[in-house]
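**Student:** quick one, what's the 3D model for this:
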Amino acid sequence: MFSYCADPSTLDGFSWLACYLTNGKHMAFWASFGTVMVLLLITAPAALVFGFGGAMAARSHIAPLRWLGKGYTAMVRGIPDIAFFLFVPIALDQGIEWLRHKAKCPDWEEPIRQGSDFVVCAAAKLPLSSSPQWVHETYGFFLAVLAFAIVFGAFSANVLFGAMRAVPHAQMETAQAYGMTDRQAFWRILVPQMWIYALPGLGNLWMILIKATPLLFLLGVEDIVYWARELGGAKTSIYAYPHPDWRLYYFLGLLVFYLGLTRVSEVALDRLSRRLSHGQATMAGEAQRKAAA
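**Tutor:** Here you go, the predicted structure:
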């Protein structure tokens, strides 16, 4: 980063530390914090989409669709997260490559399953072996986001299903008495009011999602846990900036980062809860009415 960093062996003190914290590997470490935030910003709405779809399916009048919605929430919630996070990317990756293999290499005669190996033709690989590194990393990140969204979507489906049932049924009956169809009552009465009941559960899921981001390390994504372990470990003389075992300090920094992120989330969720409580027939809404009076 700095011009005087060309020869690390001539550095000491603050100059050594400045060069150490701005070398290429550390820049990847700082960028990995952005990777975590991007994961959260993409996964949260994606999980809500899965959850809303699962909740709507679970309360459907069509039996197969209702079984699908309830089965999705029950099955995914009953599987350990780490097992599902490892299963989904592998299953999706091999499934996509198998379909591409059937389409692009119909004359292939060798078995795809060769012992413990999954072998497809070169044209079916996704991404292709000739693709640049950023394509491989983006593809792995996409699979990780999908795995997170499916898992947390099942939990959010259960939360949203309960929130929909918490809205007083009398309001739905009143909407029908005014001539609203079931669809109109659902989108105009039920959905706007269910969020205040769903927010506590969704807030907890958001906190759990934050704590689950280190699982990216298990999915092959170079996240902050990966770089903290790599950079904090003792380095040999081959490494340009050798140092003792500093993993304690790196992971202490991650602890501060996650505590700060959860604290900011708590403040944001509290403000959102007060906003959603306005005008609602809840204890928080009643407290707001009394305060205004």
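**Student:** the helix or strand harbouring Phe85: how far from the chain's middle?
**Tutor:** Using DSSP states H and E, Phe85 sits within helix 81-104. Put simply, helix 81-104 sits 18 Å off its chain's centre (Cα atoms, centre = their mean, to the nearest Å).
**Student:** again, but for stretch 70-83
**Tutor:** That offset, for stretch 70-83, works out to 16 Å (Cα atoms, centre = their mean).
**Student:** distance across that stretch, terminal residue to terminal residue?
**Tutor:** Length of stretch 70-83, first residue to last, Cα to Cα, to the nearest Å: 21 Å.
**Student:** next structured bit after the helix holding Phe85?
**Tutor:** In N-to-C order, the element after helix 81-104 by DSSP H and E is strand 113-114.
**Student:** residues contacting that following strand, please?
**Tutor:** With contact meaning Cβ atoms under 8 Å, 6 or more residues apart in numbering, strand 113-114 is reached by Val119. C-betas here are computed from N, CA, C, even on glycine.
**Student:** Thr22 reaches Ser15, doesn't it?
**Tutor:** No. Checked against Cβ atoms under 8 Å, the pair Thr22 and Ser15 is beyond contact range at 11.1 Å.
**Student:** how near is Ala28 to Leu248?
**Tutor:** Between Ala28 and Leu248 the computed distance is 21 Å (Cβ to Cβ, to the nearest Å).
**Student:** pick out whichever of these two has more residues nearby.
**Tutor:** Ala28 (15 against 9; other Cβ atoms under 10 Å).
**Student:** give me the neighbour count for the residue nearest to the more buried one when sequence neighbours are not counted.
**Tutor:** Nearest in space to Ala28, with sequence neighbours left out and distances taken as Cβ to Cβ, 6 or more residues apart in numbering, is Trp227 at 6.3 Å. Residues lying near Trp227 (other Cβ under 10 Å) number 22.
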